[in-house]
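Chemist: what's the 3D shape of this:
(2 chains)
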Amino acid sequence: MSAVFVFIETFEGHAKNTSWEALGAGKLLASGLGIPLTALVFGENAAAIGAEAGKYGADNAIVCEDATLKDFRLESYAALLTKLVQENQPKSVVAVGTSRARELLAASAADTDSGMITDAIEMSLDGAIVKVVRPVYAGKLLSDAASTGEGTLFMTIRGRAFQANPVNESASAAVTTAAPALSEDQIASKVERFEAEVGTVNLTDAAIIVSGGRGMANNPKDAPAGTADAAVWKAQDGFEHTLKPLADVLGAAVGASRAAVDAGYIPYAHQVGQTGKNVAPDLYIACAISGAIQHQAGMRTSKIIVAINKDGEAPIFKLARYGLVGDIYKIIPALTAELKKRLGK
Amino acid sequence: MHVVVFTRSTPDTAAKVDVGGNGNVTWGDAATVVNPWDEYALEEAILQAKSSSGKATVIAIGSDMHNEALKHSLAMGLDEAIRIEDPALESTDGLAYATAAAAAIKKLGDVDLVIFGKESVDVGTDQHTYMTARKLGWTMLSYVSKILEIDPAAKTIKVEKMLEEGKQIVTSKLPAVISVMKDINEPRYPSFIGIRKASKAVIPVWSLADLGAQLPAKRTQSATFKSMPVRDVKVELIEGDPEQQAKILVERLLEEKVL
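Modeler: Residues are numbered from 1 along each chain as shown, chains lettered A, B, ... in the order given. Just a heads-up that it's a prediction; the model follows:
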């Protein structure tokens, strides 16, 4: 019997939390089509994670632990996924659209001449046809996309758009082991090393994001004598010693506007918006961000938006649920202190 | 080394994009620009072609709307431009795009490196980049933030890739397909002479028959578009001194259960 496949992304031997959301989305399809839900887990610790997937609603798990799959490499992962799709002809392959899953599913879709739809935020079934809503034009419009109902549909979902299935501690998945599709000498790419980015919360997974904009340069602190660019120093100091403490007390990720990134205040990895990350946290606190249309595109689907800005006319207030007009360098420390008190930290 | 880069025209990122009466996407009289992500790919193609005394070719797939992006590319300093247009490629999906793209690269014959921007800002897709690599049977190196080394003689490449958790240093063999991130370089502005030269360029158009390409059966239906639901929020302005503002905001956020 055919199945719905869900790719469970792992990192250093652990399932990524958002992967369970893919099982939630996969369950909608599997129940609607009356077919089993199968988790795919590749790499370190795959068997244990496959078993864990049972608690999150998977009926079966296909796992493969092999040295060639330790680091994510497209060649080894895609060859295995393609082999499993060819052997099992699943109705769909679902994953959360992280950087790895996007390329993995696309590669396998190309290998098998299958259809692919990315970034689903809503999904429904019309007979065998899967209908999906996805944001396009950097979040300015929505698009209705659909499968033809034939073959395997590869689909990535937006993180935080679908709910994970409730955990059932007594449920278990039937785990089977697959052999890797390639041996090391058949894989051209070699991972020489990995440099972890320390101490930052991943923007796309974050439930809360605190972002800073161009106005971070209005730091009242004086730059040390001889600093080449005082504005850059002030903004960097503000991100580190004003914004970061607020993020820390909230367990939040630190984001930034393009203006702040382009001015060299903070690395590009933090950029939210059209040429940065698209995010949809429960709470988005925009500090000294005016809210250019390109920035809005990347964060407008956040559940609650708080804007703190000295200019009460800034466009960001049109999106915000709560607006605080004033100096971020006075408001943020007060907010951090209040949160510490209320959250008991 | 022969470097090929793909690009497309997209509405200006500051344009107000909407859905017209017949369901098509409109952006008023705003200009189209080079897909912002592609600017880094174009710059990298110029740099890599130059450092290996090779050449850089830019390709766009689609209607003559994409001549805009191709002319911008030529003005930046790309050596040659090609456009691929075919009725069968209209309302195309990633798979059809990749099939045509891979066929064009095979037709060129001597390509060592293919560069894509990270994604298309308009339709929000990146699958065509990975799919092109698979259709060619080449290694895909995605989210490249730095090319550390290319050895055209030994046919090897070493790059730094961005992942959600950090950076990976990866080596591979050429030919390869890479997709590049924003911070890989600082794209140049076209020079005045470049713009003049590009405006006179005649861009060859290839059809699927010219490429000898056959598209796979379409497995997704053509997409339709709709406006974003209006964000139904009324801002509540929280006033007072910073301590009062902070206190009230935390109250509200606790009530909203987002803390």
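Chemist: can I assume A:Ala53 sits in a helix?
Modeler: Yes. Counting by DSSP: H, G, I helix; E, B strand; the rest coil, A:Ala53 is located in a helix.
Chemist: which residue packs closest to it, ignoring adjacent ones?
Modeler: Among residues not flanking A:Ala53 along the chain, A:Ala39 sits closest, at 3.6 Å (CB to CB, 6 or more residues apart in numbering or on different chains). From N, CA and C alone the C-beta is placed, and that goes for glycine too.
Chemist: tally of neighbours for the one you found?
Modeler: Applying other CB atoms under 10 Å in any protein chain shown, we find 31 other residues in the vicinity of A:Ala39.
Chemist: flag every buried residue along whatever helix or strand A:Thr336 lives in.
Modeler: Counting by DSSP states H and E, the element that carries A:Thr336 is helix A:328-342. By 16 or more other CB atoms under 10 Å in any protein chain shown, the buried positions in helix A:328-342 come out as A:328-339, A:342.
Chemist: can you list the low-confidence ranges for the chain?
Modeler: I went with chain A, as the question did not name one. Scanning chain A for pLDDT under 70 picks out A:1, A:198-201.
Chemist: actually it's chain B I care about, not the one you picked
Modeler: B:91.
Chemist: ranges for the helices of it?
Modeler: In chain B, the helices defined using DSSP state H lie at B:38-51, B:67-76, B:94-108, B:127-136, B:192-200, B:208-211, B:242-255.
Chemist: winner for burial among those?
Modeler: Across those, the average number of neighbours (mean count of other CB atoms under 10 Å in any protein chain shown) peaks for helix B:127-136, which reaches a mean of 27.
Chemist: identify the residues contacting that helix?
Modeler: Contacts with helix B:127-136, where a contact means CB atoms under 8 Å, 6 or more residues apart in numbering or on different chains, come from A:74, A:78, A:102-103, A:105-107, A:109-111, A:116, A:118, B:6, B:94-95, B:97-99, B:101-102, B:105-106, B:114, B:116, B:119-120, B:139-140, B:142, B:175-177, B:179.
Chemist: can you map out the strands along the stretch 151-259 of chain B?
Modeler: B:156-163, B:166-173, B:176-180, B:205-206, B:220-227, B:236-237 (DSSP state E, counting those that start in this stretch).
Chemist: rebuild those as TSV, extending it with distance to B:Thr125 and mean neighbour count.
Modeler: Compiled in TSV, the strands of the stretch 151-259 of chain B are given as follows (distance: least, CB to CB, whole Å; neighbours: other CB atoms under 10 Å in any protein chain shown):
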stretch	distance to B:Thr125	mean neighbour count
strand B:156-163	19	21
strand B:166-173	23	18
strand B:176-180	12	26
strand B:205-206	22	16
strand B:220-227	10	15
strand B:236-237	38	13
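Chemist: for the ones you listed, which one sits closest to A:Ala3?
Modeler: Distance to A:Ala3, taken as CB to CB, is lowest for strand B:220-227 among those, at 20.6 Å.
Chemist: for stretch A:118-127, buried residues please.
Modeler: A:118-121, A:123.
Chemist: actually, stretch B:27-38.
Modeler: Within stretch B:27-38, the residues scored as buried using 16+ other CB under 10 Å are B:27, B:32-38.
Chemist: of those residues, which are in range of chain A?
Modeler: Among the buried residues of stretch B:27-38, the residues lying close to chain A (CB under 8 Å from any CB of the partner chain) are B:36-37.
Chemist: of the buried residues of stretch B:27-38, which is the nearest to chain A?
Modeler: Of all the buried residues of stretch B:27-38, B:Pro36 has the smallest distance to chain A: 5.3 Å, by CB to the nearest CB.
Chemist: with B:Phe6 as the reference, measure out to the closest one.
Modeler: Look at B:Pro36 and B:Phe6: by CB to CB, to the nearest Å, they are 14 Å apart.
Chemist: follow-up on the earlier one: could the strands of the stretch 151-259 of chain B go into TSV alongside distance to chain A?
Modeler: As requested, these are exported to TSV (distance: least, CB to the nearest CB, whole Å):
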stretch	distance to chain A
strand B:156-163	6
strand B:166-173	4
strand B:176-180	8
strand B:205-206	21
strand B:220-227	4
strand B:236-237	5
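Chemist: A:Ile305 is nearest to which of those?
Modeler: Of all those, strand B:236-237 comes closest under CB to CB, at 11.6 Å.
Chemist: in its sheet, what does that closest one sit against?
Modeler: Strand B:236-237 pairs in its sheet with strand A:322-325 (parallel), by DSSP bridges.
Chemist: distance from the helix or strand containing A:Ala30 to the middle of the chain?
Modeler: Following DSSP H and E, one finds A:Ala30 within helix A:19-33. Put simply, helix A:19-33 sits 18 Å off its chain's centre (CA atoms, centre = their mean, to the nearest Å).
Chemist: is chain B contacted by that helix?
Modeler: No. Legend: contact between helix A:19-33 and chain B by CB under 8 Å from any CB is lacking; minimum distance shown is 12.6 Å.
Chemist: which strands and helices lie in contact with that helix?
Modeler: The contact analysis (3 or more CB pairs under 8 Å, 6 or more residues apart in numbering or on different chains; DSSP states H and E) places helix A:19-33 against strand A:4-7, strand A:37-42, strand A:92-96, strand A:122-126, strand A:153-157.
Chemist: tell me the residues of the stretch 151-300 of chain A that contact chain B?
Modeler: Within the stretch 151-300 of chain A, the positions adjacent to chain B are A:151, A:153, A:188-197, A:202, A:204-205, A:207-208, A:250, A:267-269, A:271, A:274-276, A:282-283, A:292-294, A:300 by CB under 8 Å from any CB.
Chemist: show me where the stretch 151-300 of chain A has helices.
Modeler: Ranges of helices in the stretch 151-300 of chain A, per DSSP state H, counting those that start in this stretch, are A:230-238, A:244-250, A:258-262, A:293-299.
Chemist: which helices and strands does the shortest one pack with?
Modeler: In terms of contacts (3+ CB pairs under 8 Å, 6+ apart), helix A:258-262 is packed against no helix or strand at all.
Chemist: so for the chain, the centremost residue is which one?
Modeler: Defaulting to chain A. A:Thr204 (3.5 Å; CA atoms, centre = their mean).
Chemist: hm, I was asking about chain B
Modeler: Closest-to-mean residue, chain B, CA atoms, centre = their mean: B:Gly117 / 3.6 Å.
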